[in-house]
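> need coordinates for the following:
(chains A and B)
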Amino acid sequence: MSYNFTIFSPTDTPLFTHEFGTSRSGGDGIPRFTTAERSLNPFILHSSLDIVEEVQWGPSTTSGNAPMYLKHIDKYQNSYISCWITAANVRFLLLTRPRDEALGLGSGGAGSQRGSLAGGRAGLGGGNVYSPTNPATEEAVKNFFVDVYEAWVKTVMNPFFDVGKGDVVRSPVFRTRVAAAAKKYL
Amino acid sequence: MSTNPSQTPGLRYPTNKKTIYDRNLNRSKNAELSRAAFAYLFIEMISYAQKKVRDVNDLEKRLNTQGYPLGAKLLTLLTSPARCHTACLGPTRILPLLQFIAQTLWRHLFARPADSLERSTTSPSDYLLYDNDPLVNQYISLPRELSQLNCAAFVAGIIEGVCDSAGFATESVSAHTVSEQGGGEGVVKGNELWPGKTVFLIKFKPEVVEREEILARGGG
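Okay, here's the model as predicted:
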């Protein structure tokens, strides 16, 4: 499984991007996007921002407060998008590209034992097909977002950092934090 | 893509090897700042803002600008999973947002909730938030020529920052001293009891009110 994690400002500027692969079940943490997929990713992420907005202001809101974790919101070809939206309208988007086998495209099920926690467990229930709405997957992604959020709050508290001006996150410490959360949960 | 911090040139670590990312977010949750220290700092902020201003409006605007970024940051902090252990929720309607300001934000800043919250009877896009005795005005006495000034404009800036970054654009948020005559924003009793009573007038943009109506019809 390969992931692309991107933070979007309220004005849709990407502030931070990190690509990584799964570290679960013997994964090496290296993303396996093809060149075409890699260049397509920013477009997929940007286009799903529309869906985020729809879900955000959608009718599912309960008594005027909406959950920040919007779960799986969009799918384009073989890429699945999960979203976390902060109260300040900063969007965390996680693009998941499962391996072909996990989608039932390749050799079909041969690699189920090597699947990550966020997806591999789907094999227990409904075959070997990756499912973004699987509770284990949702929980893993949520835990990842919560960890990132904590690091994000610390970034935002910096008086010299202004999200509104589209300040890009340059801190290598923030990146290692994201990588650590990715390694831990995805 | 991943960068090892030890190999990054130019990055300097503090001497105790602790970056801001290593600090606990909840460290200052129940910590209180000395009032004297705050008053001292705030006086300096006012005199800084007072340099080269033309009139009272200009001065209040500057105080507002000083508070604005604080609001945006506090919104992110106070809604973080580390703070609210229950489900992480963000306000999508005006009322929950204002309740967040009057309860959560006020408690965080002043250790007590705001005194009352009203919707203006004259304009549907205006909301009024009352504070009987704003902390920021406690040690401030106004000279005659600045009698129109209310230094709670700083707090108004914080409120504006919260509303704007939460996606509820405001025309303006301003702080006014509730006058003895009770004119302006409605008659308020008990001014003798609370001479420093301040009202924060929050004016939302028409599109925010419009969205609110659409959402209400959607039955969310």
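
> helix, strand, or coil at the closest residue to A:V153 other than its chain neighbours?
Distance criterion C-beta to C-beta, 6 or more residues apart in numbering or on different chains; nearest residue to A:V153, sequence neighbours excluded, is B:S80 at 4.8 Å. C-beta here means a position set from N, CA and C on the backbone, and glycine is covered the same way. Recorded secondary structure, B:S80: coil (DSSP: H, G, I helix; E, B strand; the rest coil).

> B:L129 looks like it's in a strand, true?
Yes: under three-state DSSP, B:L129 falls within a strand.

> any idea how far B:A36 lies from B:F42?
As judged by C-beta to C-beta, to the nearest Å, B:A36 and B:F42 stand 11 Å apart.

> between those two, which one's more packed in?
B:F42 (20 against 9; other C-beta atoms under 10 Å in any protein chain shown).

> using the three-state scheme, assign that one.
Under three-state DSSP, B:F42 comes out as helix.

> the residue nearest to B:A49 when sequence neighbours are not counted: neighbouring residues, count only.
Of all residues not flanking B:A49 in the chain, B:R62 sits nearest, at 4.0 Å (C-beta to C-beta, 6+ apart). The local packing of B:R62 (other C-beta under 10 Å) involves 20 other residues.

> gap between the two ends of stretch A:27-40?
Start and end residues of stretch A:27-40 are separated by 23 Å (C-alpha to C-alpha, to the nearest Å).

> which of the residues in it are buried?
Of all the residues in stretch A:27-40, those buried under the rule 16 or more other C-beta atoms under 10 Å in any protein chain shown are A:27, A:31, A:33, A:37, A:40.

> now swap in stretch B:99-111 and tell me
Going by 16+ other C-beta under 10 Å, stretch B:99-111 has these buried residues: B:99-102, B:104-106, B:109.

> any stretches of chain A with poor pLDDT?
A:59-64, A:104-128 (pLDDT under 70).

> one more: chain B?
Those would be B:1-11, B:28, B:82-88, B:179-192, B:219-220, if you go by pLDDT under 70 across chain B.

> would you map the helices across it?
B:35-49, B:56-78, B:94-99, B:106-110, B:153-165, B:206-218 (DSSP state H).

> follow-up on the earlier one: and of the buried residues of stretch A:27-40, the nearest to chain B?
A:P31 (8.3 Å; C-beta to the nearest C-beta).

> now that closest one: which helix or strand?
Assigned by DSSP states H and E, A:P31 belongs to no helix or strand.

> pretty sure it contacts A:G21?
Yes: if you go by C-beta atoms under 8 Å, A:P31 and A:G21 touch, sitting 4.7 Å apart.

> now the common contact residues for these two.
Contact criterion C-beta atoms under 8 Å, 6 or more residues apart in numbering or on different chains; residues shared by A:P31 and A:G21: A:2-3.

> about what we covered before: deepest of the helices of chain B, which one?
helix B:153-165 (a mean of 27; mean count of other C-beta atoms under 10 Å in any protein chain shown).

> show me what contacts the residue nearest to A:V153?
A:149-150, A:153, B:25, B:88.

> state the pair within these that is farthest apart.
B:L25 and B:C88 (13.8 Å; C-beta to C-beta).

> and the two? Which one has more around it.
Each of B:L25 and B:C88 has its neighbours counted (other C-beta under 10 Å); B:C88 has more, 23 against 16.

> ok, now which ones touch the residue positioned nearest the centre of chain A?
Closest residue to the average C-alpha location of chain A: A:L94 at 1.6 Å, with C-alpha atoms, centre = their mean. Neighbouring residues of A:L94 by C-beta under 8 Å, 6+ apart: A:3-5, A:81-83, A:141, A:144-145.
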